[in-house]
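1. Let's see this in three dimensions:
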Amino acid sequence: MKKLLLAGKAILGAGLIIIFLQSCKNETKQEDPKEVAEDANEAKFDSIDSKEDDSEFLVDQAEINLAEIEIGKLAQSKSTNPEVKKFGKMLVDEHTKSASEVSALAKAKNFTLPTSLTEEGQEEYKKLNEKSGVDFDKKFADMMIDGHEKAINKLQDASKNAVDEDVKTWASNSIAGLTAHLEHAKLLKQNLDKK
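-> Okay, here's the model as predicted:
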């Protein structure tokens with residue numbers, strides 16, 4: 001009986017240890033690509049605040065380009081409205097060009113950029129993808145207005161405050177293109193609101 005009791009305690013003890021170890025096992029969560037890029041830049045330029053600010057601006061621009069390209073592709077495949085499809089194609093074309101410019105600039109400055117859609121970008125994409133028909137088109141237009149207004153503000157800020165002259169020049173030169181996108185998005189929204 002004593003041996004049985006000891007064996008039972010040993011089995012129970014071993015089971016508790018296994019349960020404890022399993023509960024302590026680290027669940028590895030994939031890090032957000034934007035955070036990875038920002039951390040890498042912070043480590044490189046920790047002592048040079050101006051470079052860190054410029055790198056954050058380019059990380060933001062890369063994030064915007066990645067999101068706009070994916071949302072543009074979604075608009076082309078999901079919308080039935082020819083104007084929304086056309087706007088989606090323009091987004092993909094223009095932001096692919098911008099992404100390559102930002103990438104070249106970042107490479108020249110030794111900045112690290114995100115290479116895939118961020119968590120926020122994935123969330124926005126998912127929200128849009130849940131819509132269909134005219135609801136999809138209207139949500140798309142609203143996102144384009146909101147996103148381009150924010151992006152233009154960041155460009156204007158960098159065109160005045162970036163320390164690196166190349167970053168400042170690129171930001172200044174990019175304002176007109178995004179302003180045209182914003183005006184196009186506002187017209188699209190006006191036309192969709194009539195429906």
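
2. tell me the mean pLDDT over stretch 61-80?
-> For stretch 61-80, the mean pLDDT works out to 95.

3. Please state the offset of it from the chain centre?
-> The chain centroid and the centroid of stretch 61-80 are separated by 11 Å under CA atoms, centre = their mean, to the nearest Å.

4. So, low pLDDT: which residues of this protein?
-> Low-confidence segments of the chain, defined by pLDDT under 70: 1-30, 33-34, 36-52.

5. try it again with 90
-> Residues of the chain that meet the criterion pLDDT under 90 lie in 1-55, 109, 111, 115, 118-120, 193-195.

6. In three-state terms, label His184 for me.
-> helix (DSSP: H, G, I helix; E, B strand; the rest coil).

7. what about the spatially closest residue to it that is not a sequence neighbour, distance to Gln156?
-> Excluding the flanking residues, the one nearest His184 by CB to CB, 6 or more residues apart in numbering is Phe87, at 6.4 Å. Where you see a C-beta, it was placed from the backbone N, CA and C, and this is true even at glycine. Remark: distance between Phe87 and Gln156 (CB to CB, to the nearest Å) = 23 Å.

8. The two: which is more packed in?
-> With neighbours defined as other CB atoms under 10 Å, Phe87 and Gln156 compare such that Phe87 has more, 24 against 14.
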